[in-house]
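>>> Just a sequence and a predicted model for now, questions to come.
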Amino acid sequence: MRARVRSLPPAVCALLLALALTVSACSKDELVNETIDEVTELTNEMVSMIREGEDKKAAVAEARALFESRKAELEPKMLAVTEVRGFQVSDEAVTKISEGLRENSNNMSLVQLDLVMAAAKDPELDAALKELVAAHTALLHLK
């Protein structure tokens, strides 16, 4: 005996799809918010360390050590954030991603600019700072 399969009306299908996308967007919003906040916290800590450090070379090394200690935890989260598509998150989350990436990148660039004279006089400081900024930039733009 064959069972009859009854299909749902299109309006019900559309409602279920909208509900599923909404639930999915909420969970991705949380991932975006938490990850961008974590990266911003790390960036701010590194910037403060470098700016407040008496010995800039040591401060950059300390910031790099901090970065490396959190990198393994943040990489998979940032990869997930960079793979998020607009329909998976709210407009606020899309804005948070773009603003967070821009602000964190700018903050590291400003530290590099602050130390341009010291880095010009000290090739080791220059190399360490460039490596730190490059590693930070790579984290922000994982794909």
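Great, that's in hand.
>>> Run through the helices of this protein in chain order.
Along the chain, the segments classed as helices by DSSP state H run 10-52, 56-82, 91-114, 116-121, 123-140.
>>> okay, the fourth one in CSV with CA atoms only?
Right, the one you point to is helix 116-121. This file holds the C-alpha atoms of helix 116-121, laid out as CSV (Å, rounded to 0.1, in the frame of the first residue of the first chain):
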residue,chain,number,x,y,z
VAL,A,116,58.3,55.1,12.7
MET,A,117,61.2,57.2,14.0
ALA,A,118,62.4,54.6,16.6
ALA,A,119,61.9,51.8,14.0
ALA,A,120,64.0,53.7,11.4
LYS,A,121,66.9,53.9,13.9
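>>> Next, the buried residues of that helix.
Ala119 (16 or more other Cβ atoms under 10 Å). No exception for glycine: its C-beta is placed from N, CA and C like everyone else's.
>>> Give the other helices and strands that it contacts.
helix 123-140 (3 or more Cβ pairs under 8 Å, 6 or more residues apart in numbering; DSSP states H and E).
>>> Other residues contacting the helix it packs on?
Helix 123-140 is contacted by residues 39, 43, 46, 56-57, 60-61, 63-64, 67, 71, 74-75, 78, 101, 104-105, 108-109, 111-112, 115, 118-120 when judged by Cβ atoms under 8 Å, 6 or more residues apart in numbering.
>>> Let me know the pLDDT of the closest residue to Val60 other than its chain neighbours.
Distance criterion Cβ to Cβ, 6 or more residues apart in numbering; nearest residue to Val60, sequence neighbours excluded, is Ala128 at 4.7 Å. On the pLDDT scale, Ala128 is placed at 97.
>>> Neighbours of Ala128, how many?
For Ala128, the count of nearby residues is 20 (other Cβ atoms under 10 Å).
>>> What of Val111?
24.
>>> which ones are touching it?
Val111 touches Met46, Val47, Ile50, Arg51, Leu129, Val133, counting by Cβ under 8 Å, 6+ apart.
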